[in-house]
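1. quick one, structure for this:
(chains A, B, C and D)
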There are 2 protein chains.
Amino acid sequence: MTNRLIKLDHALLGMLHQQPMSGYDLRKIFISTPLKHFSDSPGSIYPALDRLERAGWIRGKIDANVALRPKKIFSPTARGSARLRAWLKAPITQEDIIWHIDVLMLRLSFMSGFLQTTEIVRFLESMATETSAYISSLRDYFRGVSSEMPISAKLALRGGIEAYEDRLRFVRSAIKELKLAK
Amino acid sequence: MTNRLIKLDHALLGMLHQQPMSGYDLRKIFISTPLKHFSDSPGSIYPALDRLERAGWIRGKIDANVALRPKKIFSPTARGSARLRAWLKAPITQEDIIWHIDVLMLRLSFMSGFLQTTEIVRFLESMATETSAYISSLRDYFRGVSSEMPISAKLALRGGIEAYEDRLRFVRSAIKELKLAK
DNA sequence: CGATACATGTAACCGGTTACATGATTTT
DNA sequence: AAAATCATGTAACCGGTTACATGTATCG
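-> Okay, the predicted model is just below:
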């Protein structure tokens, strides 16, 4: 129950660690920043905040100085922080590389302050390993079938492979940058 | 009702255009090929095939030579082909670039045989335009906030931008390739 | 003889989308 | 006076996930 890994929930939890906020504030950020790869509808955010509060990861306090409608400001609890850290440190699988790349990037974005540079580097190295393995399997597949594929299908598949190659290149440059900064 | 644009439905419709198949065959493809960015569970595929049949886009025929359990082979109808073509030709929005890149690549993969090369090129050029516009807005945002961001957040955002830049590079090279092939 | 492959389907659950409801304040 | 913004929430709907059900045939 408290162990589900819903993307939106962790996005909210991470954002509340950077700054306690209301649901409305969170929505505004989702709408106005390019990190809006998450749902910005009230029908998803308010129930998600409920879930998080029921799970004991955040706690909401009603803002006293009520000018407008009362605001509920959510802050992470100790359990919420532990949960976020655990999520950031969770091992990377090939499934993550294939289906949840956005979640991996979200995790990366929250790591400073929670993890040491060496841990972030390990995370990225693991990403590189898994990505590189997946690229190999894609190349093998491509070699086997590309001759029979129509051109647009071939292009699409090549585009898919290149996207992973580009991601790998990024991850490796990020590792270098982190090691220099350390 | 018949106008929804569900990813899985169109993926199935497109695949049935390449070769009439049963639900089980479709599942096997989803499981075994790297184009498995779509749901492979029976709980999604069989209901989806029902939807498509009810919408009149495909028609299922029970395979006569029953060795094992009877197989239902689905073929696209004329209306289904029209629908697929319309989907392939639909204009690209910036939302597609941001949230449905996988759908755009899926569309690209189905285009040969349905669209002329000039139309495919137009599709890719539109992708390039929208991607490039979105990159500009991301760069503007990055310039404004990067100084205050912790390093891992900055890396993640940069990675996001680079992914779009790489995608743009791919699209441009694909345009060149198509023009040469023509 | 047990496991795996073939083949289709259903049911419970869960979360996101859309749209609506409410109501005060501020801007045009 | 109307529209937009602040701020939270609910309800209907829809589709995906997971797990289960069923039954044959083949492989080890």
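2. how far away is the residue in chain A that DNA strand C sits nearest to from residue A:50?
-> Nearest residue of chain A to DNA strand C: residue A:43, at 1.9 Å (Cβ to the nearest atom of the strand). Bear in mind the C-beta positions are built from the backbone N, C-alpha and C, glycine included. Shown here: residue A:43 relative to residue A:50, a distance of 12 Å by Cβ to Cβ, to the nearest Å.
3. strands along chain A, start to end?
-> A:58-62, A:72-76 (DSSP state E).
4. quickly run through the sheet partners of the first one, with directions.
-> Pointing back at strand A:58-62 there. Neighbouring strands of strand A:58-62 in its sheet, by DSSP bridges, are strand A:72-76 (antiparallel).
5. the strand it pairs with and DNA strand D, are they touching?
-> Yes. Using Cβ under 7 Å from any atom of the strand, strand A:72-76 comes into contact with DNA strand D via residue A:72.
6. is DNA strand C within reach of that strand?
-> No. Interface with DNA strand C: strand A:72-76 contributes nothing (Cβ under 7 Å from any atom of the strand), its closest point being 13.6 Å away.
7. most packed of the strands of chain A?
-> When the strands of chain A are scored by mean count of other Cβ atoms under 10 Å in any protein chain shown, the highest mean neighbour count falls to strand A:72-76 (a mean of 18).
8. hmm, back to that, per-residue pLDDT of the residue of chain A closest to DNA strand C, please?
-> pLDDT for residue A:43: 94.
9. any idea how far it lies from DNA strand D?
-> As for residue A:43, its distance to DNA strand D is 3 Å (criterion: Cβ to the nearest atom of the strand, to the nearest Å).
10. what about that residue, how many neighbours?
-> Counted by other Cβ atoms under 10 Å in any protein chain shown, the residues lying close to residue A:43 total 8.
11. who touches stretch A:119-127?
-> Outside of stretch A:119-127, the residues within contact range by Cβ atoms under 8 Å, 6 or more residues apart in numbering or on different chains are A:88-89, A:91-92, A:97, A:104, A:107-108, A:111-112, A:115, A:171, A:174-175, A:178-179, B:152.
12. pull out the buried residues from that stretch.
-> A:120-121, A:123-124, A:126-127 (16 or more other Cβ atoms under 10 Å in any protein chain shown).
13. got the domain ranges for chain A?
-> If you go by automatic domain parsing, the domain ranges for chain A are A:7-89, A:94-181.
14. find the nearest non-adjacent residue to residue A:103, please.
-> Nearest non-adjacent residue to residue A:103, counting by Cβ to Cβ, 6 or more residues apart in numbering or on different chains: residue A:7, 5.5 Å away.
15. ok, the one you found touching residue A:14?
-> No. The pair residue A:7 / residue A:14 is not scored as a contact, 10.8 Å apart, by Cβ atoms under 8 Å.
16. which neighbours do these two share?
-> Residues within reach of residue A:7 and of residue A:14 at once, by Cβ under 8 Å, 6+ apart, are residue A:106.
17. between these two, who's got more neighbours?
-> Between residue A:7 and residue A:14, counted using other Cβ under 10 Å, residue A:14 has the larger neighbour count: 21 against 15.
18. returning to what we had before: tabulate the domains of chain A (a markdown table), appending distance to residue B:158.
-> Output for those, formatted as a markdown table (distance: least, Cβ to Cβ, whole Å):
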| stretch | distance to residue B:158 |
| --- | --- |
| domain A:7-89 | 12 |
| domain A:94-181 | 8 |
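19. now, the buried residues of stretch A:119-127 that are in helices?
-> Residues of the buried residues of stretch A:119-127 located in helices (DSSP state H): A:120-121, A:123-124, A:126-127.
20. please pull out the lowest mean pLDDT helix or strand from chain A.
-> Ranked by mean pLDDT, DSSP states H and E, the weakest helix or strand in chain A is helix A:94-99, scoring a mean of 90.
21. do that helix and chain B meet?
-> Yes. Judged by Cβ under 8 Å from any Cβ of the partner chain, helix A:94-99 and chain B are in contact via A:98-99.
22. same question, stretch A:44-53
-> No. Shown here: stretch A:44-53 not in contact with chain B (Cβ under 8 Å from any Cβ), separated by at least 14.3 Å.
23. what residues sit buried inside the least confident helix or strand of chain A?
-> For helix A:94-99, a neighbour-count test (16+ other Cβ under 10 Å) marks A:96-98 as buried.
24. try stretch A:32-45
-> Under 16+ other Cβ under 10 Å, the buried positions of stretch A:32-45 are A:34-35, A:38, A:45.
25. so what touches that stretch?
-> Here stretch A:32-45 has contacts from A:7-8, A:11-12, A:23, A:26-27, A:29-31, A:102, A:106, A:109, B:98-99, B:137-138, B:141, B:157, B:160, using Cβ under 8 Å, 6+ apart.
26. residues of chain A that sit close to DNA strand C?
-> So chain A meets DNA strand C at A:4, A:6-8, A:39, A:41-44, A:47-48, A:51, A:67-69 (Cβ under 7 Å from any atom of the strand).
27. what is the orientation angle of the longest helix that chain A contains with helix B:151-181?
-> Using DSSP H, we find that the single longest helix of chain A is helix A:151-181. Orientation check (axes from the mean of the first three to the mean of the last three Cα atoms, to 10 degrees): helix A:151-181 against helix B:151-181 gives 150 degrees.
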